[in-house]
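In: pasting the structure only:
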């Protein structure tokens, strides 16, 4: 389990969404080298449903993190999720936007991974 604790956000739902978006990014990266598995599909569906459920909080910027670093990581990962949804909804016309969002999310993911490892090593 990823240690995204209360130091990152006081809101448990926000922490859960961030964890799901990190998993989604892992699925997107895996898709570069292999077909999606049923487990991958479940991760994508769970994250999509959680994102849709929290869309009002996301769009009104009511998702709060303890510091700006987590805010920007969340924004990059969320942009990847939205770009992917656009490709699914409207086809390959949005593929370039998705590739760009995925590349930015990769940088954010690397920073998030480092931050999570630092949190886990604080014990």
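Out: That came in fine, so what should we check first? Since this is a predicted model, take the numbers as computed values, not measurements. Residues are numbered from 1 along each chain as shown.

In: so what's the residue count around residue 91?
Out: 9 (other C-beta atoms under 10 Å). Just so you know, the C-beta spots here come from the backbone N, C-alpha and C atoms, and that holds for glycine as well.

In: I should have written residue 115 there, sorry.
Out: Each residue near residue 115 was counted by other C-beta under 10 Å, and the total is 16.

In: now residue 90: phi and psi?
Out: Residue 90 has phi and psi values of phi -120, psi 0 when expressed as degrees, to the nearest 10.

In: roughly how far apart are it and residue 98?
Out: Here residue 90 is placed at a distance of 11 Å from residue 98 (C-beta to C-beta, to the nearest Å).

In: between these two, who's got more neighbours?
Out: Neighbour count, other C-beta under 10 Å: between residue 90 and residue 98, residue 98 has more, with 20 against 10.

In: ok, now which ones touch residue 5?
Out: 15, 119 (C-beta atoms under 8 Å, 6 or more residues apart in numbering).
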